[in-house]
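>>> Got a predicted structure here, sequence first:
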Amino acid sequence: MSKLGLQLSPADSESKCLVAEITGADEVYILKRDFIPAEPEGGWILYDGWYQLNGAVPGVTEFKKEYIRIKDGKVRRNLPFRELVESLDEIKAGEGPRVERMRKEIIAILDEIKEAAYCEPVVEGIEKQKEDLDMADEPDQIKNALYMLKKQKQSYIQQYRKMFNL
């Protein structure tokens with residue numbers, strides 16, 4: 001599964017950046033969109049899949065709530081809504097690999113926290129969280145855990161270092 005870095009900025013003072021992964025069907029909006037927060041360092045990391053983007057990338061025509069598909073690191077732009085609806089079975093079939101990718105990302109972040117604040121209580125707590133992750137089976141639960149960990153990683157490290165005088 002390939003990944004692609006994206007530096008997106010608002011096209012003008014009245015617009016916002018939007019990056020949403022299309023993950024399935026929605027009763028109201030037809031397509032379920034999982035809005036992806038920017039990485040703490042800035043920008044977004046996108047993997048093979050279907051997305052909706054809004055914003056500007058230097059040197060590229062502006063994305064205006066545009067549907068794209070990334071496959072093997074190659075981007076197809078300006079996909080018609082109809083094409084995504086017709087691809088819903090394929091989109092839904094990608095849920096398993098997407099969830100496994102998110103699990104691996106969570107484990108990598110937990111390992112970074114463990115390494116940065118290494119002591120027995122932290123190691124035990126991190127290993128317990130990994131066990132809990134193995135028990136989680138709801139994609140939204142795993143997605144929310146990943147987004148929260150990305151956002152709070154540095155805070156957790158600082159708290160552990162302070163708590164255990166590291």
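Cool, the structure landed.

>>> How many residues are close by K151?
13 (other CB atoms under 10 Å). Just so you know, the C-beta spots here come from the backbone N, C-alpha and C atoms, and that holds for glycine as well.

>>> I'd guess it is in a helix, am I close?
Yes - counting by DSSP: H, G, I helix; E, B strand; the rest coil, K151 is part of a helix.

>>> ok, the residue positioned nearest the centre of the chain to I126 distance?
For the chain, the residue sitting closest to the mean C-alpha position, by CA atoms, centre = their mean, is I36 at 5.2 Å. From I36 over to I126 the distance is 25 Å, taken as CB to CB, to the nearest Å.

>>> continuing past the helix or strand of the chain with the lowest mean pLDDT, what's the next helix or strand?
In the chain, no helix or strand scores lower on mean pLDDT, DSSP states H and E than strand 3-6, which sits at a mean of 89. The helix or strand immediately downstream of strand 3-6 is strand 18-26, counting by DSSP states H and E.

>>> Enumerate residues external to the top strand by length along the chain that contact any of its residues.
The residue-count maximum for a strand in the chain (DSSP state E) belongs to strand 60-71. Residues from elsewhere that reach strand 60-71 (CB atoms under 8 Å, 6 or more residues apart in numbering): 2, 4, 8, 11, 18, 22, 46-57, 75-81, 83-84.

>>> repeat that with 6 Å
With contact meaning CB atoms under 6 Å, 6 or more residues apart in numbering, strand 60-71 is reached by 4, 11, 46, 48, 50-56, 75-77, 79, 84.

>>> Would you list the buried entries among the residues you listed?
The neighbour-count test (16 or more other CB atoms under 10 Å) marks 11, 46, 48, 50-56, 79, 84 as buried among these.
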